Every structure is written in C-alpha cells, then in structure tokens.
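>>> what follows is a predicted structure for the sequence shown.
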Amino acid sequence: MGDGGASIDHVVATMRAQLAAIRAHEPGVRQGTDPEELHHMRTAVRRLRAILRLLRPALENDVGSTRDELRWLGHLLGTARDADVLSAYFRAALGSLTGPEAAVVERILRRLDTRRARARRRVLAALDGARYAHLVDALEQTVRDPRTSDEELHLRRLARREFKKLRKAVKALPPAPSDEEVHAVRITLRRARYAGELAPARRRAERFVRRAAKLQDVLGDHQDAAIAERALRAVRRATHAGEDRAAAERLIEQQRRRRQAAWRAFEEQWPTLERRGRQAWG
C-alpha cells in the first residue's frame, strides 16, 4: 500500500524497539557507571515521544497524557545528560589548562559534581516511582494495540510536512540568531529526521536522514558550547579576583568561537540537506 496500511507494522516495530531500549538501558542508568546508558535511554524516550506526536492525528489511542509523561521523563534524563556532557567536556579541557584558567574550570567541575549528583538522585527517584511504572504500562498498551482512525498512515506525507516545517524555521532565522533560536531549529531538525526514519525506506530518504543526523550533531555542538558559556558566566559573576575574572572571560571567548564555528558549519551544510530533503519529499 505504499505509504499506507502496510507501514503500520514498521511504525509499531519502531515503537517496540524504543520501548525495549528504555527497558534495556534502565539497569545501566541505575548503576550509573556508564553515562552512555543514560544517553541511550533518553534518545529512546525522545524517539517515542516524536513518533506519538507524528501519529497523533491517526491514532485513536489516547496518547496525549503518555506524551506528557515522556516529556517529564525526558526532561529529567536531559538534565542529567547535560551535566554529564558538560562535566566530560571541562574535564578533558582541564588537561591543557594551567594557572587561573585551570582554577576556573576546577570551580565549574565542583559545581557540576553537585549538579550531577542532584540530577542523578531525581532520575533514580523517578525510576523507582509509580509514575514511571504507569508510563511504561501505558506504552506497553499502545504498542500492543495501536488503533488507527485512518486506513493509511501516509508516512511520506508526514515526513514531507516535517521537512517543510524545518525549511520554514531555517528561513525565518535572522542573520545572527540567538542560542534559543538555534536550539529551536535543532529540535525541528530532529523531528524531521525522525519522521524521515519512519517513512518507507528509499535511497533518497535514507540520504536525507543521514545528512540530517550529521547536521543535528553540528547544532548539538552549538548547544553544548552555549551551555558551557553559561556555566563560565556564572563562575565569573561569583568571582571577585581580577585575574580569575579575566581567565573566565578568556574561556568564555573560546565558547563564543566554538558556537560561531558550529553555526558557520550549519550554514555551509544546510543547502545540501535542503536539496536532499526536496529530492526525498518534494
């Protein structure tokens, strides 16, 4: 049926795979020795939420509350993940720093240790709670009995719609977009990528998805630099010694250059992604 009835099996299989990933990585998240376990669990949560959002018009299942609960879980995991990424970045940077710059980064790492511990406690409390158990039960029910109001899901139509939203979002950006505007485009890009992954496998669609994943990483680096810069600014505000404040400002400038480099890379690579999107979805 092309984009239609036969595709529901593919969608359900994808949803089941994400739910299985959540279950598979939960023990590792609880153990806490490998940050990638949390990353993979968070990715599965985001994919499931994106799929439910895409299928909202076609699903008869009441998934609104399930999407809200996935947002809740994703936020908890995201807060912990951001702290992990930031901590890993600054620990790696510390090896090449000396003097006041090293002191500033060590101060940030002490703050991050506190933040990471707090975020981890919240994640573990959530995983032990009834709210998480109810969410998993709701997801199990949805993938066990997905009811569609439409005979056909029109997955390529959904992918085309998300790609058009992405093009519109990029076109609306000002010449020098804010961090928030860039992050919003990254979210729209991620949704277009996930929609493309759901569509029937064709070479042009696969090329779009691969390029979208690479560009998502570019904007991810932009976001990581923005978060690092905010952490540095917080330390600078709390620092009174002139030498330490100057060191913080130098490190802030490094993050500015990092963001600028990421944005230039996006601008250079966007035309290719746009072209592949037009080829894939029209």
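Nice, thanks for sending it over.

>>> what segments of the stretch 101-250 of the chain are helices?
130-144, 155-171, 179-198, 203-237, 242-281 (DSSP state H, counting those that start in this stretch).

>>> flag every buried residue along the third one.
Neighbour counts using 16 or more other C-beta atoms under 10 Å place 179, 182-183, 185-186, 188-198 of helix 179-198 among the buried residues. All C-beta atoms are positioned from the backbone trio N, CA, C, and that covers glycine.

>>> just the shortest one next, same as before
Neighbour-count burial for helix 130-144, with 16+ other C-beta under 10 Å as criterion, is recorded at Y132, L135, V136, A138, L139, T142, V143.

>>> check contacts around the fifth one.
When contacts are counted by C-beta atoms under 8 Å, 6 or more residues apart in numbering, L139 touches M15, L19, I22, L48, T66.

>>> what pLDDT does it get?
Per-residue pLDDT puts L139 at 92.

>>> from S87, how far off is it?
30 Å (C-beta to C-beta, to the nearest Å).

>>> over to the last one?
Using C-beta to C-beta, we find V143 at a distance of 35 Å from S87.

>>> and what of the first one?
From Y132 over to S87 the distance is 25 Å, taken as C-beta to C-beta.

>>> pLDDT weak spots in the stretch 1-150 of the chain?
Across the stretch 1-150 of the chain, the ranges flagged by pLDDT under 70 are 1-7, 57-62, 147-150.

>>> and the residue nearest to E106 when sequence neighbours are not counted, how many neighbours does it have?
Using C-beta to C-beta, 6 or more residues apart in numbering and skipping the chain neighbours, the partner closest in space to E106 is L94 (7.0 Å). Residues near L94, counting by other C-beta atoms under 10 Å, number 15.

>>> repeat for the one 4 residues further on
The burial count assigned to T98 is 8, neighbours taken as other C-beta under 10 Å.

>>> so D179 sits against A228, correct?
No: checked against C-beta atoms under 8 Å, the pair D179 and A228 is beyond contact range at 11.4 Å.

>>> now do the contacts for L70.
Going by C-beta under 8 Å, 6+ apart, L70 touches V45, L48, R49, L52, L135.

>>> which residues sit in contact with the last one?
When contacts are counted by C-beta under 8 Å, 6+ apart, L135 touches T66, E69, L70, L73.

>>> how far away is it from L52?
To L52, L135 is 12 Å away according to C-beta to C-beta.

>>> what's the overlap in contacts for the two?
Common contact partners of L135 and L52 (C-beta under 8 Å, 6+ apart): T66, L70.

>>> and D128, its phi and psi?
phi -90, psi -10 (degrees, to the nearest 10).

>>> number of nearby residues for it?
10.

>>> now swap in T114 and tell me
11.

>>> next: the one 5 residues further on.
Here the neighbour count serves as a burial measure; for A119 (other C-beta under 10 Å) it reads 21.

>>> who's in contact with the residue nearest to it when sequence neighbours are not counted?
Closest residue to A119 apart from its sequence neighbours, by C-beta to C-beta, 6+ apart: A80 at 3.9 Å. Counting by C-beta under 8 Å, 6+ apart, A80 touches L38, R116, A119, R120, R122, V123.
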